[in-house]
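Asks: Attaching a predicted model along with its sequence, questions to come.
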Amino acid sequence: MSNQEENSLKKVINLWSGIAVVFGNIVGSGIFISPKGVLLHSGSVGLSLIFWALCGVISMLGALTFAELGTLIHKSGGMFAYIQAAFGNLIAFIYLWATLVIILPTTTAIIGQLCGQYILQPIFSDCQVPDLPPKLVAACAIALLVVINSLKVEYATRIQNFFSILKLLSLACIFIGGLVNLCFGHTENLQNGFAKSTTSPSEIALALYVGMFSYGGWYTLNFLTEEMEKPEKNLPKAIVIGLTMVTAIYILTNISYFSVLSADELLKSDAVAMVNTTSYTIIAFNKLMDFFLHKKSFMEKLLPKAKLLISIAVACSVFGSLNGLILASSRVYFVGARDGLLPNIVSCLHDKRRTPLPAVTLQGLLSIIMLFAGDIFKLINYVIFIDSVAFFATTLALFFLRRKMPDAPRPIKVPIIIPIIFLIICVFLIFVPIIVKPDTVLVSIIVLALAVPAYIIGVMWEKKPKIYKVYMTNLTIFLQKLFLLCPQKNTS
């Protein structure tokens, strides 16, 4: 093995692990939370199912766009790498800044807290879960996954594979039972499926927003390009296969819900409060069991067990998503530091394990700090808006790179209409918050604008005080010796 190979990320992600990363990062709590919201804003069962399929198609358009970029730019970091290649360091740093201060810490903290909520839900079955215990559980879960991801990438991918299979089996139990129920003639909830369908543009937009929440994460495999075996072949295959699986399972799961619940029953379920977000899943599960067993007394005994089973299933689903997020998104910090936009220590690898220990640790620390900083759920709107801007910039990068690198090898070159449609959708996702929540947009723009002085001071200002340079050099050397770290040069 050459020195360059010894001092680089290990290529341990094959096609099946890639599919597990895509599937596992998308499927979290969304499919258990979003059905009520999509139905509420769409107005009818039939239109809600169309919106679930449409959200899958929109995600696929983005995935195909990212597949071309990922096979053109063989570099980890996902959107950061593509924006940097097209627009240079300043615009890339603005994205990096946004991921550093709000997007990734907030997203990781929210998923961690959801995991804590579902783990503790059976314990607090008769009351609302207090605020602090889920945060403590979330902090422990994040710390555990930071350790696992720092020890060996293979450990993280095995966990991802395991929990992806577990998610698939959990959802299969729901949708197979529902389909069997339909085969026995229980189709009354699907008849007149388009009655009361909305025609309001604002309601349609909200239905799409809620549905797209459940599809978030389809792009995370692009963060791991350098760790994939044959990325030019496996990256697009994994993205398309994983996303197709998710779309099919989401539609089947929603059909299963409607095989045992009417629209009114689902809307009246107490699925708004986080502690009870799985209520309609539990109701559907119990009705299916009642149908198969024909024993009401058994169902009365089963209800507490159903709550426990559903809570465990959702907790496992969210924990798998948390692992996938830490595995993939920590590479953004790693690549940013390797390119000189963050402190050098963040670009170091463990000398023996070849894991980006500092980058993973940084993400864990920032996420735990964000977890206890206040009500993180109020930050969701900022994250969604900034993410939409990042998707717009990344899609725009594809057009720039086709002009900038016309002769570069492109294993995949999607028809131009695909990124054009996705770009229009990104514009839509940007302008809806501007109209509905302009205060959120203003704060988001301020956060992005603060990246410019940070870039000037941190990157452009080369003649920093000598005392600062000496301090940073000594600190870097100390941490390298303490944690057995070695620097990695950018060989992309």
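Replies: Good, I have the coordinates.

Asks: ok, residue 268 - how many residues close by?
Replies: Neighbour count of residue 268, defined by other C-beta atoms under 10 Å: 13. For every residue, glycine as well, the C-beta is placed using N, CA and C.

Asks: swap in residue 353?
Replies: 16.

Asks: surely it meets residue 151?
Replies: Yes. Counting by C-beta atoms under 8 Å, residue 151 is a contact partner of residue 353 at 6.4 Å.

Asks: Could you look up the SS state of residue 127?
Replies: Using DSSP: H, G, I helix; E, B strand; the rest coil, the structure places residue 127 in coil.

Asks: what's the distance between it and residue 238?
Replies: As for residue 127, its distance to residue 238 is 43 Å (criterion: C-beta to C-beta, to the nearest Å).

Asks: ok, now residue 376?
Replies: Between residue 376 and residue 238 the computed distance is 30 Å (C-beta to C-beta).

Asks: repeat for residue 364
Replies: From residue 364 to residue 238 the distance is 26 Å (C-beta to C-beta).

Asks: Am I right that residue 175 is in contact with residue 250?
Replies: No. Using C-beta under 8 Å, residue 175 is not in contact with residue 250; the gap is 9.3 Å.

Asks: higher neighbour count, these two?
Replies: Set residue 175 next to residue 250 and count neighbours by other C-beta under 10 Å: residue 250 wins out with 26 against 20.

Asks: That one is in contact with residue 52, isn't it?
Replies: Yes. With contacts counted by C-beta under 8 Å, residue 250 reaches residue 52, the gap being 5.4 Å.

Asks: for the record, mean pLDDT for the longest helix seen in the chain?
Replies: When the chain is scanned for its longest helix (criterion: DSSP state H), the result is helix 296-338. The average pLDDT within helix 296-338 is 76.

Asks: Which helix or strand lies directly C-terminal to it?
Replies: Following helix 296-338 in sequence order, the next helix or strand is strand 349-350 (DSSP states H and E).

Asks: From the contact counts, what lies against that next one?
Replies: Under the contact definition 3 or more C-beta pairs under 8 Å, 6 or more residues apart in numbering; DSSP states H and E, strand 349-350 sits against strand 485-486.

Asks: One more pass at 10 Å, please.
Replies: Counting contacts by 3 or more C-beta pairs under 10 Å, 6 or more residues apart in numbering; DSSP states H and E, strand 349-350 packs against helix 357-371, strand 485-486.

Asks: Just confirm residue 400 is within a helix.
Replies: Yes. The assignment for residue 400 (three-state DSSP) places it in a helix.

Asks: burial measure for it, as a count.
Replies: 15.

Asks: confidence score at residue 284?
Replies: Residue 284 is assigned 54 on the pLDDT scale.

Asks: before we move on, back to that, list the residues that contact both of residue 250 and residue 52?
Replies: Common neighbours of residue 250 and residue 52, using C-beta atoms under 10 Å, 6 or more residues apart in numbering, are 31, 34-35, 211, 214-215.

Asks: picking that back up, who's more crowded, residue 127 and residue 238?
Replies: Neighbour count, other C-beta under 10 Å: between residue 127 and residue 238, residue 238 has more, with 26 against 8.

Asks: Enumerate every residue touching the more buried one.
Replies: By C-beta under 10 Å, 6+ apart, the residues touching residue 238 are 13-23, 63, 67, 221, 228, 231.

Asks: send the alpha carbons of stretch 45-57 over as CSV?
Replies: Taking C-alpha atoms only, stretch 45-57 is exported to CSV below (Å, rounded to 0.1, in the frame of the first residue of the first chain):
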residue,chain,number,x,y,z
VAL,A,45,-57.0,10.3,0.4
GLY,A,46,-56.4,10.0,-3.4
LEU,A,47,-54.7,13.4,-3.6
SER,A,48,-52.5,12.7,-0.6
LEU,A,49,-51.3,9.5,-2.2
ILE,A,50,-50.5,11.4,-5.4
PHE,A,51,-48.5,13.9,-3.3
TRP,A,52,-46.5,11.1,-1.7
ALA,A,53,-45.6,9.8,-5.2
LEU,A,54,-44.9,13.4,-6.5
CYS,A,55,-42.5,14.0,-3.6
GLY,A,56,-40.7,10.8,-4.6
VAL,A,57,-40.5,12.0,-8.2
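
Asks: And the pLDDT for residue 491?
Replies: pLDDT, residue 491: 51.

Asks: whoops, residue 370 was the one
Replies: 92.

Asks: Settle this for me: it is touching residue 111, isn't it.
Replies: No. Using C-beta atoms under 10 Å, residue 370 is not in contact with residue 111; the gap is 11.5 Å.

Asks: So for these two, which sits in the more crowded spot?
Replies: Set residue 370 next to residue 111 and count neighbours by other C-beta under 10 Å: residue 111 wins out with 26 against 21.

Asks: measure the residue nearest the centre of the chain to residue 26 for me?
Replies: Geometric centre of the chain, nearest residue: residue 217, 3.1 Å, by C-alpha atoms, centre = their mean. Distance of residue 217 to residue 26, computed by C-beta to C-beta: 4 Å.

Asks: between these two, what contacts are shared?
Replies: Common neighbours of residue 217 and residue 26, counting by C-beta under 10 Å, 6+ apart, are 59, 242-243, 246, 321, 324.
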